[in-house]
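A.B. asks: Show me the folded form of this:
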Amino acid sequence: MPIPVYEYHVVVQPSDIDENNHANNVCFVRWMQEAAIAHTTANGWPSEKYYEHGLAWVARRHTVEYLRPAMENEDITVQTWVASWKNVSSVRKYRFLRSSDSTVLATAETNWAFVNTTNGRPTKIPQIVSDSFIVVPE
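C.D. replies: Residues are numbered from 1 along each chain as shown. Below is the predicted model:
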């Protein structure tokens, strides 16, 4: 059974902290990718399975709205879900919560393109892939 909203947990490491004394914005993008991969794996599509079929997801655009800082040693819950499908693309949303009190630290989305790994061109998302996810609209 597909997992509609997946929760991925990270702890802010000392190496994540920047000169402003909070997690650097690049960490949020890294966590987005890690959460997306964990979600697709949990729904039966690890990266290796896509590659076996000559397929892959590539990011077209990331958008992040930072609301509160993430501090060293904080446990962060990254919620992620598929918000929409189109012929050759998908929008995935994210919500970053401080696990201790559920404060929203950031919201984000990625526009992913589905590509053929042989030629790098966009390709139609097969039914077998889309059936493995539940779209959670706004």
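A.B. asks: only C-alpha atoms for contact and neighbour calcs from this point on.
C.D. replies: Noted.
A.B. asks: what's the burial count for the nearest residue to Asn111 once chain neighbours are set aside?
C.D. replies: Of all residues not flanking Asn111 in the chain, Val91 sits nearest, at 4.6 Å (C-alpha to C-alpha, 6 or more residues apart in numbering). Counted with other C-alpha atoms under 10 Å, the neighbours of Val91 add up to 20.
A.B. asks: which residues touch Val91?
C.D. replies: Neighbouring residues of Val91 by C-alpha atoms under 8 Å, 6 or more residues apart in numbering: 82-85, 109-112.
A.B. asks: mind checking the SS state of Ala70?
C.D. replies: coil (DSSP: H, G, I helix; E, B strand; the rest coil).
A.B. asks: Kindly provide the distance from it to Phe133.
C.D. replies: 29 Å (C-alpha to C-alpha, to the nearest Å).
A.B. asks: so of the contacts of Val91, which ones are in strands?
C.D. replies: Here DSSP state E is the test, and these give 82-85, 109-112 as lying in strands.
A.B. asks: ok, so of the contacts of Val91, who is nearest Tyr50?
C.D. replies: Trp112 (14.1 Å; C-alpha to C-alpha).
A.B. asks: thought the closest one was touching Arg92?
C.D. replies: Yes: the criterion here is C-alpha atoms under 8 Å, and Trp112 meets it with Arg92 at 7.5 Å.
A.B. asks: what's downstream of whichever helix in the chain runs longest, the next helix or strand?
C.D. replies: The residue-count maximum for a helix in the chain (DSSP state H) belongs to helix 25-42. Moving toward the C-terminus from helix 25-42, the next helix or strand (DSSP states H and E) is helix 47-52.
A.B. asks: which outside residues touch that next one?
C.D. replies: 37, 41, 56, 117.
A.B. asks: want to throw the residues you listed into JSON lines with pLDDT and neighbour count?
C.D. replies: JSON lines is the format used below for the contacts of helix 47-52 (pLDDT from 0 to 100; neighbours: other C-alpha atoms under 10 Å):
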{"residue": "Ile37", "pLDDT": "98", "neighbour count": "16"}
{"residue": "Thr41", "pLDDT": "98", "neighbour count": "14"}
{"residue": "Ala56", "pLDDT": "97", "neighbour count": "20"}
{"residue": "Thr117", "pLDDT": "97", "neighbour count": "17"}
